[in-house]
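Asker: got a predicted model here, sequence first, then my questions.
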Protein chains: 2
Amino acid sequence: MLQRLRHAEITRRVRTSGATSVRDLATQLGVSPSTIRRDLEVLDRDGTLRRVRGGALPCADADAERPFADVAATDEQDKEAVATRAAELVRDGDVVLLDIGTTTMCLARRLRGRRVIVVTSSLAVLDVLRSDPVVELLLLGGMLRRPYHSLVGVLTEAALCQVVADRLFLGASGVRPDGQLVDTTIAEVPLKRSMISAARQVVLLADRHKFPGTGALRVCGPEDVDVVVTNEGADEPTLRACAAAGAEVLLT
Amino acid sequence: MLQRLRHAEITRRVRTSGATSVRDLATQLGVSPSTIRRDLEVLDRDGTLRRVRGGALPCADADAERPFADVAATDEQDKEAVATRAAELVRDGDVVLLDIGTTTMCLARRLRGRRVIVVTSSLAVLDVLRSDPVVELLLLGGMLRRPYHSLVGVLTEAALCQVVADRLFLGASGVRPDGQLVDTTIAEVPLKRSMISAARQVVLLADRHKFPGTGALRVCGPEDVDVVVTNEGADEPTLRACAAAGAEVLLT
DNA sequence: GCAGTGCCCGCACAAACATGCAAGATTGCG
DNA sequence: CGCAATCTTGCATGTTTGTGCGGGCACTGC
């Protein structure tokens, strides 16, 4: 078995079964405990997992950084519907600011061939629009965050200061009952705030499962959002809270 | 069995069966392990698959379009040699600034797995390093220029102002007999100058066909270049002009 | 304090690797 | 067609890297 494969397999087992012992891994993979220890050492150094006496534990922030493909697959229908509705808000000639995430990626697909300027820090959006000859694409710089296919950091925010957009399409990991937007990853929050300041109109893209959704970090309140695009079946009280704060709610 | 056919067959097997060992491929295809290793080497360099000890893994972004395949093919051997030599100049922990172009893309391949911070405005470099878990990648922002797979504009230069790099690896479309660097595309020239200011050491990557090469736009003089990496057979007088201006010349 | 377990370290062996070289295959040209 | 230049391939070389094992040591639980 290739060393590389073994590393991947160990990572998978630790992730799925929680804690895993050196002995079990050794017998299950048919190698000596020494080998497992050495493997765990490098995986621990990589930050892939946490080494403890007798075995290994999944790393706390590892499952926060869920693989992009998994997330993209969840609630795909709803996200597509939201993206389709959102695309109708875009006018020719617009400067469109796209947040990171799978929903905005879907929206980007619908902007292909449109005469718009897209500004983004999302590499998923870049992938979608890279070969399109019509759309002008302005990529914000920043440090690459591989699991999110995004760019973050001071460079990204500095670049945003030089941008004025007609419309921002914002993602979020959740909307709380009082209409506040929340997220899970600390690095993205200041960036989202900067994007909000840079845009004339803020459109929230959130499929119905985002109500309430997960996340403990406050991004902004409902008063910062001009339009909410979501699906039928989203939590009614939350939607009313958004509407009460002045947001227009669009259902698909 | 012909080499080309074997390459295709290896690619197919790696793609379908996930991971494949050198030994298995050798026995199954009826050739020696050395041959397989050589095949895997070129396929890895092409970005078709990823080489690991003992075998090869399918490349995640393999079906993503191969950046400027046609340009990259010209003088490929020479460029690869230049890139290999240049990679030896990089030290662990370096902040490496990579210009756009095919030669720097080759260099980026050789930085995979190295503990370095790569700063670039090249999407080709992004493609190469995007899935590498070790290299830190800082992408400069900017307007997408599709034919060049690069980012340019005020955003790019503004981002560069906030960067200090240990080494810049600079491309050029030509070096004139007096050692001046020239280029063909006006949008890139100010960017190259900014990169030169942002780096402590400037390394010019130019295969032997770049002497004299084409281009009417002056980028900088030989005095701005610290190291020139090129091939045996590059125009001697030009090299002497570079050396006279204080540049160290490395031949492959 | 005393097993028992897991770990670190050094060593030995094996597998995989890079390199140089020579024989065979292929191509190009006269 | 013949010959030379080039490329490809397999093998032998020495080197690097991964793996397994055993002894001494540290930590844990009784």
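Answerer: Here it is on my side, so go on. Numbering: from 1, shown residues only, chains lettered A, B, ... in the order given.
Asker: show me the helices in the stretch 151-252 of chain A, by range?
Answerer: A:154-160, A:189-198, A:236-244 (DSSP state H, counting those that start in this stretch).
Asker: buried deepest among the ones you listed, which one?
Answerer: Among the helices of the stretch 151-252 of chain A, helix A:154-160 has the highest mean neighbour count (mean count of other CB atoms under 10 Å in any protein chain shown), at a mean of 22. Backbone N, C-alpha and C define where each C-beta goes, glycine included.
Asker: elements contacting that one?
Answerer: With contacts taken as 3 or more CB pairs under 8 Å, 6 or more residues apart in numbering or on different chains; DSSP states H and E, helix A:154-160 sits against strand A:142-145, helix A:189-198, helix B:154-160.
Asker: the bottom helix or strand of chain A by mean pLDDT?
Answerer: helix A:68-73 (a mean of 62; mean pLDDT, DSSP states H and E).
Asker: okay, now the nearest residue to residue A:199 once chain neighbours are set aside: neighbour count?
Answerer: Nearest residue to residue A:199 in three dimensions, chain neighbours excluded: residue A:168, at 3.4 Å (CB to CB, 6 or more residues apart in numbering or on different chains). Around residue A:168 there are 25 other residues, counting by other CB atoms under 10 Å in any protein chain shown.
Asker: my read is that residue A:168 contacts residue A:194, right?
Answerer: No. Using CB atoms under 8 Å as the test, residue A:168 is too far from residue A:194 to be in contact (10.2 Å).
Asker: so how many other residues sit close to the closest residue to DNA strand D within the stretch 101-250 of chain A?
Answerer: Residue of the stretch 101-250 of chain A nearest DNA strand D, by CB to the nearest atom of the strand: residue A:146 (22.1 Å). For residue A:146, the neighbour count with other CB under 10 Å is 16.
Asker: if we can go back for a sec, so which of the helices of the stretch 151-252 of chain A comes closest to residue A:224?
Answerer: In terms of CB to CB, the element of the helices of the stretch 151-252 of chain A nearest to residue A:224 is helix A:189-198, at 5.5 Å.
Asker: where's the residue sitting nearest the centre point of chain A relative to residue A:79, distance?
Answerer: Nearest to the geometric centre of chain A sits residue A:101, at 3.7 Å (CA atoms, centre = their mean). Distance of residue A:101 to residue A:79, given as CB to CB, to the nearest Å: 9 Å.
Asker: and the strand or helix carrying residue A:104, does that touch chain B?
Answerer: Under the criterion of DSSP states H and E, residue A:104 resides in helix A:102-110. No. Looking at helix A:102-110 against chain B by CB under 8 Å from any CB of the partner chain, there are no contacts, and the closest approach is 12.9 Å.
Asker: off-centre distance for that helix?
Answerer: 12 Å (CA atoms, centre = their mean, to the nearest Å).
Asker: where does pLDDT dip in the stretch 101-250 of chain A?
Answerer: Judged by pLDDT under 70, the stretch 101-250 of chain A has no weakly predicted residues.
Asker: check whether the strand or helix carrying residue A:16 comes into contact with chain B.
Answerer: Per DSSP H and E, residue A:16 falls inside helix A:3-17. Yes. If you take CB under 8 Å from any CB as the test, helix A:3-17 does meet chain B, through A:3-5.
Asker: right, and the helix or strand after that helix?
Answerer: Moving toward the C-terminus from helix A:3-17, the next helix or strand (DSSP H and E) is strand A:20-21.
Asker: show me the contacts for the residue of the stretch 101-250 of chain A closest to DNA strand D.
Answerer: Contacts for residue A:146 were tallied using CB atoms under 8 Å, 6 or more residues apart in numbering or on different chains; they are B:130-131, B:133.
Asker: same thing but 7 Å
Answerer: Listed by CB atoms under 7 Å, 6 or more residues apart in numbering or on different chains, the contact partners of residue A:146 are residue B:130.
Asker: residues from the stretch 101-250 of chain A in reach of chain B?
Answerer: A:131, A:137-144, A:146, A:151, A:155, A:158-159, A:162 (CB under 7 Å from any CB of the partner chain).
Asker: among these, which pair sits farthest apart?
Answerer: A:131 and A:158 (28.1 Å).
Asker: distance of the nearest residue to residue A:239 once chain neighbours are set aside from residue A:225?
Answerer: Spatially, and ignoring its direct neighbours in sequence, residue A:239 is nearest to residue A:249 (5.4 Å; CB to CB, 6+ apart). Using CB to CB, we find residue A:249 at a distance of 10 Å from residue A:225.
Asker: try residue A:100
Answerer: From residue A:100 to residue A:225 the distance is 17 Å (CB to CB).
Asker: could you do residue A:8 as well?
Answerer: 41 Å.
Asker: more neighbours: which of the two?
Answerer: residue A:225 (27 against 15).
Asker: contacting residues around the more buried one?
Answerer: Counted by CB under 7 Å, 6+ apart, residue A:225 has contacts A:202, A:204, A:242, A:247.
Asker: surely the last one is in contact with residue A:222?
Answerer: Yes. Under the criterion of CB atoms under 7 Å, residue A:247 is in contact with residue A:222, at a separation of 5.9 Å.
Asker: which residues touch stretch A:155-162?
Answerer: By CB under 7 Å, 6+ apart, the list of residues contacting stretch A:155-162 reads A:121, A:140-142, A:190-191, A:194-195, A:198, B:138, B:141, B:155, B:158-159, B:162.
Asker: how about a cut-off of 10 Å?
Answerer: Residues from elsewhere that reach stretch A:155-162, judged by CB atoms under 10 Å, 6 or more residues apart in numbering or on different chains: A:97, A:119, A:121, A:138-143, A:150-151, A:187-188, A:190-191, A:193-195, A:197-199, B:119, B:138-142, B:154-156, B:158-163.
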